[in-house]
Every structure is written in C-alpha cells, then in structure tokens.
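Participant: Mind looking at a prediction? Sequence and model below.
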Amino acid sequence: MRCRRTAGTVTALLIGGALLLTTACGGGGGHPGAAAGSAGGGSSAGGSGSGGGSGSGGPVSAESPAAAAKGSAAVLSVLPADGATGVAITGAVKVSVGSGKLTQVTVTGPDGKSVPGTVGADGSWAPTTALAVATRYRVDAGAVDQAGLATTVSTSFTTLAPARTMTVVDNLTGDETYGVGMIISVTFGQPVTDRAAAEAAVTVEASDHTQVRAHWFSSTRMDLRPQEYWKPGTKVTVHRRATSAQLAPGVYGATDRDETFTVARSKVSTVDAATHRMTVVEDGLAPQTIDITAGADDNPSWNGTMVVFSREPMVHMDSATTNIKGKPYVVDEPHGLQIATTGSYVHGNENAVGAAGHRNISHGCIGLPDTKTGDPDSVAGKFWQDSKIGDVVIVKNSVGDPVAPDNGLSGWSLPWAKW
C-alpha cells in the first residue's frame with residue numbers, strides 16, 4: 001500500500017465521467033504529511049465469486065495519527081485489502097471516503113486500461129463492469145477534506161482463478177461471408193443458470209449499428225439475430241468474453257474470442273410445394289423460377305423460413321438417421337445445402353429431372369434436377385455454386401408441419417415478439 005497526503009490548493013475536475021485531481025503546492029513552511037495506512041482485520045474477497053477470499057483483512061485506510069494532526073482529515077477506504085487474492089470479479093471492489101470527497105479513483109489491469117466505474121449516492125466508487133479472472137489490479141484513489149487538503153492511497157489485489165470452466169462455442173468461422181439470414185448460434189458446454197451473465201458475455205457489433213436479440217432454445221443453446229435480415233455488405237463482429245462470466249455457480253467460460261463476418265448479397269429462395277416451383281430473388285432483381293420436387297405426402301417438406309447452415313458437394317444420406325416413412329435407403333446426393341438438422345436439404349437429384357415442376361417425390365428434401373454424380377452445369381449445380389451459408393430458403397404450401405425454430409437455424413420462423 002502506498003499513501004500520500006498533500007497540503008495545498010486542490011482543484012477537482014470531472015472529465016468524461018472520471019475525476020481528475022490537480023494540486024497546487026504552497027511554498028514556505030508547508031510539507032506533506034506522511035500517511036501510514038494499514039490493512040484492518042476480518043473481511044476478505046472470495047474465490048467462489050460470492051465475495052469472500054484469501055485476502056489479508058479489511059479495507060485499506062489512509063489515516064494515521066500523524067497525518068490526522070498535520071494533513072487532510074479525509075480518510076480513504078479501499079476494498080479489497082491491499083495484496084488480497086482470490087477476489088470476486090463482481091461486487092468486491094469499493095472505494096469510499098470519510099470526512100471528505102473523492103477526487104480520483106483509477107483501477108487498472110496489466111494492460112494499463114482503466115476499469116469503468118461510477119460514484120454512487122453514498123459517495124463511494126465501484127466498478128460498473130466485471131473484472132477479468134486471475135488478474136492483478138492496481139487501485140489509485142484520491143480525496144480532499146473540507147479545507148481542501150488532499151490525501152491519496154494506492155493498493156493492489158488479484159482476482160480469483162476459476163476452479164471450473166465450461167466451453168462456449170458458436171457456429172461462425174472467422175472472416176467468412178454469410179447470407180442475409182445468418183443466425184449466430186452459441187452452444188454452452190453445460191447448463192447455464194445465469195442467462196443474463198451469458199448474454200452480457202456475448203455481444204454483437206454491426207457496422208451499420210443493427211441490433212440483435214438473444215433467444216434461448218435450451219439451457220445450453222442461445223441464438224442471436226436482428227429483427228429483419230442483415231443488410232448486404234454489413235460487417236458483423238461477435239465478441240465473446242466468457243472467461244469473466246460466471247455462467248453457473250462457480251463455473252466460468254473457458255475462452256474469449258472475437259469473430260468477424262461480412263454479409264453477402266441477398267439471396268432468398270421461396271419454394272411453393274403445391275406448384276413444384278422455387279422462386280429465387282437475388283439483391284432485389286427480377287426473380288428466377290426453378291422447377292423443383294418437394295417432399296411427397298407421406299414424407300412432406302417442412303413449411304417455414306429456414307437457413308442454409310451446411311454446404312457440401314456430395315452428401316451421404318442414410319434413412320436410418322431420420323424419421324422418414326417407407327423403404328430404407330442409403331444414397332449419396334450431389335450439391336447439398338442443409339436447411340434442417342432433421343435431415344432436410346436442397347440438393348441435386350437425378351430423379352428430379354422428370355419430376356421437377358410436376359410432382360413431389362422426395363423424402364422431405366427440395367430436389368433440383370442434376371446427374372447422379374453432380375454436374376456443375378446442371379440446375380442444381382448452378383444453384384449450389386451461387387449459394388452461401390446463411391442464405392434463406394422459405395417453403396410454403398407443403399402438406400407438412402411448420403418447422404420448429406430450433407431445427408437448424410430456423411429462428412426466422414419465430415415472430416419477433418416471441419424472440
């Protein structure tokens with residue numbers, strides 16, 4: 001702990017929410033009083049994240065008998081104690097003053113960046129964000145008494161190192177280009193009990209200031225999307241700061257990461273299962289109509305808005321992995337674009353050459369004319385080459401049920417009021 005008191009004229013400036021102290025020292029017989037602060041006993045900061053810990057004693061005080069006689073009457077108090085370890089990342093730091101007014105509080109980590117904070121109604125300062133785990137922080141504080149005499153104090157402490165962590169991953173690949181319907185899906189390694197902490201730990205920044213909202217499909221899955229499709233050309237950065245988030249009692253995120261993607265041209269394909277046709281609108285240009293075959297009545301296609309989340313030149317399909325009716329099959333189909341985790345694709349199909357535009361023959365997929373091995377110049381081949389993960393596929397007029405919003409990236413099927 002380092003304390004200092006200065007007699008003289010003090011000017012406190014509030015700039016950008018931070019208190020800055022300017023001191024004009026007098027000449028002649030004035031000299032600074034020595035402040036010999038000490039750590040009191042008892043309270044500590046905890047490694048469990050609830051506020052206790054292995055720190056040495058209570059708040060640091062800038063008061064001493066000599067200083068009280070010669071210097072400022074203001075008494076600074078800092079929690080946690082100087083040298084404390086295992087300090088909780090929230091609720092453990094507080095700087096207050098008795099018989100005076102705070103003029104400066106700066107809490108900095110190893111990177112030299114100041115922790116944001118605010119002075120409350122009681123005149124004490126506290127951080128407004130969570131601290132980083134397993135990190136040493138320095139506290140520098142200043143105050144003045146009613147006579148304008150200044151005092152300062154400097155302390156340090158170290159935050160807790162989590163005993164348990166969980167994985168936090170998403171469905172993004174950095175620096176990719178995705179379609180306008182891209183939904184960010186975050187998966188947690190175990191059930192999250194503090195959803196507010198998880199939402200605060202995963203933030204999305206868009207170049208056009210588009211805002212997103214989180215929706216929980218389970219205690220381990222959180223999806224984020226805007227109210228409307230992304231605008232082409234938008235750059236989107238996802239900030240994951242999970243290591244400083246207590247997602248469940250005593251459990252923190254394992255990693256931090258930033259990922260950026262760019263929104264591609266707009267491509268929205270609408271399948272009408274009743275007319276056996278698909279209308280493709282790209283960047284608002286004149287629509288292109290493609291003959292397709294959808295799911296037959298015994299294995300109908302899902303209705304609703306879906307999003308491409310997997311793109312493969314050849315897809316291995318095994319009916320044993322789905323709930324389809326009829327004769328089992330194991331096939332390889334070309335030019336696959338997956339739109340539902342239950343096994344639905346838009347893909348090439350040699351049997352669609354005769355059926356497309358006339359009847360629905362598939363097991364629930366949207367079939368486009370192609371060869372068995374996949375011809376890049378076929379209808380399916382051209383559609384696949386121009387498709388991206390994040391492209392929107394809407395199916396209507398199928399005899400099937402509405403797609404569940406958690407089936408793949410089908411969250412657009414959920415109204416915004418329920419998101």
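Facilitator: Great, that's in hand.
Participant: Helices along the stretch 151-300 of the chain, start to end?
Facilitator: Counting by DSSP state H, counting those that start in this stretch, the stretch 151-300 of the chain has helices at residues 195-201.
Participant: ok, which stretches of it are strands?
Facilitator: 164-166, 168-170, 176-178, 184-188, 202-206, 213-218, 221-225, 235-241, 246-248, 251-253, 256-263, 267-272, 277-282, 288-291 (DSSP state E, counting those that start in this stretch).
Participant: Report the buried residues of the longest one.
Facilitator: Meaning strand 256-263. Neighbour-count burial for strand 256-263, counted by 16 or more other CB atoms under 10 Å, picks out 257, 259, 261, 263. In this view, the C-beta of every residue, glycine as well, is placed from N, C-alpha and C.
Participant: Next up, the contacts around the closest residue to residue 245 other than its chain neighbours.
Facilitator: The shortest distance from residue 245 to any residue other than its chain neighbours is 3.7 Å, reached at residue 201 (CB to CB, 6 or more residues apart in numbering). Residues in contact with residue 201 (CB atoms under 8 Å, 6 or more residues apart in numbering) are 168, 240, 241, 242, 244, 245, 247, 253.
Participant: residues near the closest residue to residue 322 other than its chain neighbours, how many?
Facilitator: Distances taken as CB to CB, 6+ apart place residue 343 nearest to residue 322, at 4.2 Å, with adjacent residues excluded. A count of neighbours around residue 343, defined by other CB atoms under 10 Å, yields 18.
Participant: Pull stretch 397-411 out as PDB, backbone CA atoms only.
Facilitator: Backbone C-alpha positions of stretch 397-411 (Å, rounded to 0.1, in the frame of the first residue of the first chain) are rendered in PDB as follows:
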ATOM      1  CA  ASN A 397     -47.900 -24.900 -49.300                       C
ATOM      2  CA  SER A 398     -46.400 -28.200 -48.200                       C
ATOM      3  CA  VAL A 399     -48.800 -30.700 -46.500                       C
ATOM      4  CA  GLY A 400     -46.200 -30.900 -43.800                       C
ATOM      5  CA  ASP A 401     -45.900 -29.200 -40.400                       C
ATOM      6  CA  PRO A 402     -44.300 -25.800 -39.600                       C
ATOM      7  CA  VAL A 403     -40.600 -26.200 -39.000                       C
ATOM      8  CA  ALA A 404     -39.500 -25.800 -35.300                       C
ATOM      9  CA  PRO A 405     -37.500 -22.600 -34.800                       C
ATOM     10  CA  ASP A 406     -34.700 -24.600 -33.200                       C
ATOM     11  CA  ASN A 407     -34.500 -27.100 -36.100                       C
ATOM     12  CA  GLY A 408     -31.300 -25.900 -37.700                       C
ATOM     13  CA  LEU A 409     -31.200 -22.100 -38.000                       C
ATOM     14  CA  SER A 410     -35.000 -21.700 -38.400                       C
ATOM     15  CA  GLY A 411     -35.300 -18.900 -35.900                       C
END
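Participant: partners of the residue lying closest to residue 288 once chain neighbours are set aside in the sheet?
Facilitator: Among residues not flanking residue 288 along the chain, residue 280 sits closest, at 4.5 Å (CB to CB, 6+ apart). Using DSSP bridges, the bridge partners assigned to residue 280 are residue 269, residue 288.
Participant: Before we move on, what's the pLDDT of residue 280?
Facilitator: Listed pLDDT for residue 280 reads 98.
Participant: That one reaches residue 292, doesn't it?
Facilitator: No - applying CB atoms under 8 Å as the test, residue 280 and residue 292 come out as separate, 10.5 Å apart.
Participant: contacts for stretch 316-324?
Facilitator: The contact list for stretch 316-324 (CB under 8 Å, 6+ apart) reads 299, 328, 329, 330, 331, 332, 333, 342, 343, 363, 364.
Participant: ok, residue 270 - contacts?
Facilitator: Applying CB under 8 Å, 6+ apart, the residues near residue 270 are 278, 279, 280, 281, 393, 394, 395, 396.
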